[in-house]
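>>> sequence and predicted model, in that order:
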Amino acid sequence: MDRRNFLKRASAATAAAAVVTTQSKWAVASGGESNKQIGSIIDLTKCDGCEHKDTPLCVAACKTKNADRFPQPAGEIMDYWPRDHHEDWSNEQDRTDQLTPYNWTFVDTVSVEHNGESKKVHVPRRCMHCDDATCQKLCPFGVIYKSERGAVEIDEDFCMGGAKCRSSCPWDIPQRQAGVGIYKDLLPQLAGGGVMYKCDMCDDLLAIGERPACETSCPQDAITFGPLESIRQEARQRAEQMNGHVYGDMENGGTHTFYVSEVPYEKIDEAIKKEKAAQPENMPGRPHMEPEFDNLLDTAHGFTLAMAIAPFAGAAAAGITAYKTMKGDKNKEVIIDESEKE
Amino acid sequence: MNQKRSKVIRQPLSNRFVHWTAAISIFMLIITGLGQMPLYGRYLGPNPPALLAWLQDYEVTLWLHYLFATVLIFILIYHIIFHALRKEFDIVPRKGDVKASYHLMKAMILKKEEPPSEKYLPEQRLAYAFFAVSLLLVVVTGIAKVYQNIAGVQPSNWFFVVMAAGHNIATVMIIMAIIGHLAAFIFKANRHMLPGMFTGKVDKEYVEERHSLWYEEMKKNQNKKTS
């Protein structure tokens, strides 16, 4: 981080902290530390994808808000040796049809058959901000953080760009830009691949009690942020009223984002996958919408239990073996004079 | 005439069991741990050899990492408790080991007469201490990482940074320790110890000459028993 950026972020953080401790809307609304968590509803019955605009307004607002954080690679970018490629989006900075390091939210539009008619569904996509974020838990350098509001944030200054967060994210959300980041100062040819970028829930705005850019820019009120539990309840209520469905409440063990839709997510997912398969490049950046799947780390329970038992088993085995060998005077260093034996 | 050479049991079965179980688990932990870095996606490429394809699957390498970590924790605890109960502390470093190591290495390189040694050479005791510290660090940080991975557990951000850095540093220390451990066999004099970890036995002549203090102690103990 250069000095200017450091000072800018430090002063922003100080200002944010000052406001949070005094008059943050979320903190006041919820009261306690544990209730500072923020969630959001994305109502697919309201989102029209800003069909008459060149770019959906939430996408445009996100790009404007985060423009000064977008990667600026300088000079020629090296390939990821021994591979003959690297991930460079710097020539496609205006692209808004998928997630990229320069586009942290996009609106996916698919057509589905529902109740006997063809229906267009617009799905704003971005990081879901999981309860148990596999990207954070599995980052090999521990440089993905969670704010007290539950926003999952990548530390752009220390990210090596190995893209494990993308592979471990069930929706492949974080996107990589090569030619920037700390790896350039270490072993740029051998290790690291850039920096990973994604939505951070406009946590700097939330910290000062303001609403994220995507929410304030939406003309349809399709996006609503608020205290997590009330937002969860609101999403469930809306779904119940419309005889619809919530997405994000159970998926990956729970997230801070709740989609509400009349159309079952299986249908949306199927349509996304079908379109994706037809695309020439089946690149990450266009997430699926597969409902109800477990968090990868849920599988750990059995292994964790085995690990908890291991020290006791080791101690018991040692005790038994030591007792047996001491009793029989075994396990001793002994001189065996073979020549004398013969 | 019988040409069979007299031997000394240097590494009883329990020691060999600990050594090889630890060696295999540490080797597998390094292999699967590098998979978590991540490394194999890039270095094995999009079409890895069929037998190595599993290395590119984070889930597979993560669970194998857990599995071998369980084995390692088991064997480390076994090792500590077993020797503590039997009051066997030959490999624990002693005061003056750094200086003694210097004299011994000097004698080995200059091919001069070495000072008499106990069961373990002073540098072996120091190497053991380095292994012990590295393993302690890797196990403590590893357990912390397992804890953070439990569903519903959300430690602070610094916890993630410190534990990840500690685990990575400890891994580098262990790799260095293994390289040093194997490099010891560059010296011919040390190679006589090798059969000890396979058959348990080493040549009596070697022990008499190099580990004379230990040899005398064993002889004394054996004589005590027979008398």
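Okay, I see it.
>>> how close does the residue positioned nearest the centre of chain B sit to chain A?
Centroid-nearest residue in chain B, with CA atoms, centre = their mean: B:F131, separated by 6.0 Å. B:F131 sits 17 Å away from chain A, taking CB to the nearest CB, to the nearest Å as the criterion. For every residue, glycine as well, the C-beta is placed using N, CA and C.
>>> for that residue, which three-state class applies?
Using DSSP: H, G, I helix; E, B strand; the rest coil, the structure places B:F131 in helix.
>>> list the contacts of it.
B:I174, B:A177, B:H181 (CB atoms under 8 Å, 6 or more residues apart in numbering or on different chains).
>>> nearest residue to the first one in space, ignoring adjacent ones along the chain?
Of all residues beyond its chain neighbours, the one nearest B:I174 is B:S134 (4.7 Å), with distances taken as CB to CB, 6 or more residues apart in numbering or on different chains.
>>> thinking again about what came up before, of the contacts of B:F131, buried ones?
With burial judged by 16 or more other CB atoms under 10 Å in any protein chain shown, the buried subset of the contacts of B:F131 is B:I174, B:A177.
>>> which residues of chain B score low on pLDDT?
Chain B contains residues with pLDDT under 70 at B:1-4, B:227.
>>> do a quick rundown of the strands in it.
B:7-9, B:201-203 (DSSP state E).
>>> count the neighbours of residue 223 for me.
Reading this off chain A. 24 (other CB atoms under 10 Å in any protein chain shown).
>>> hm, I was asking about chain B
With neighbours defined by other CB under 10 Å, the count for B:N223 comes to 9.
>>> likewise for A:T55?
By other CB under 10 Å, neighbour count at A:T55 equals 16.
>>> let me see the contact set for it.
A:K63, A:T96.
>>> ditto for the one 5 residues further on
With contacts defined as CB under 8 Å, 6+ apart, A:A60 is in contact with A:K53, A:S217.
>>> so it sits in a strand?
No - checked against three-state DSSP, A:A60 lies outside a strand; its state is helix.
>>> let me know the pLDDT of it.
A:A60 is assigned 97 on the pLDDT scale.
>>> what about it, distance to A:N103?
Distance of A:A60 to A:N103, computed by CB to CB, to the nearest Å: 10 Å.
>>> and the residue lying closest to B:E114 once chain neighbours are set aside, how far from B:A177?
Spatial nearest neighbour of B:E114, excluding adjacent residues (CB to CB, 6+ apart): B:A107 at 4.4 Å. Distance check for B:A107 against B:A177: by CB to CB, it reads 24 Å.
>>> please enumerate the helices of the stretch 101-250 of chain A.
A:134-138, A:164-168, A:203-207, A:213-217, A:228-241 (DSSP state H, counting those that start in this stretch).
>>> closest to B:D90 out of those?
B:D90 sits nearest to helix A:134-138 of all the helices of the stretch 101-250 of chain A, at 41.1 Å, using CB to CB.
>>> is there proximity between the closest one and chain B?
Yes - using CB under 8 Å from any CB of the partner chain, helix A:134-138 reaches chain B at A:Q136, A:K137, A:L138.
>>> what's the closest of those to A:E156?
Checking these against A:E156 with CB to CB, the nearest one is A:Q136 at 14.6 Å.
>>> gap between A:G179 and B:G41?
For A:G179, the distance to B:G41 - CB to CB - is 19 Å.
>>> repeat that for A:C58.
Counting by CB to CB, the separation of A:C58 from B:G41 is 33 Å.
>>> good, we can wrap up now.
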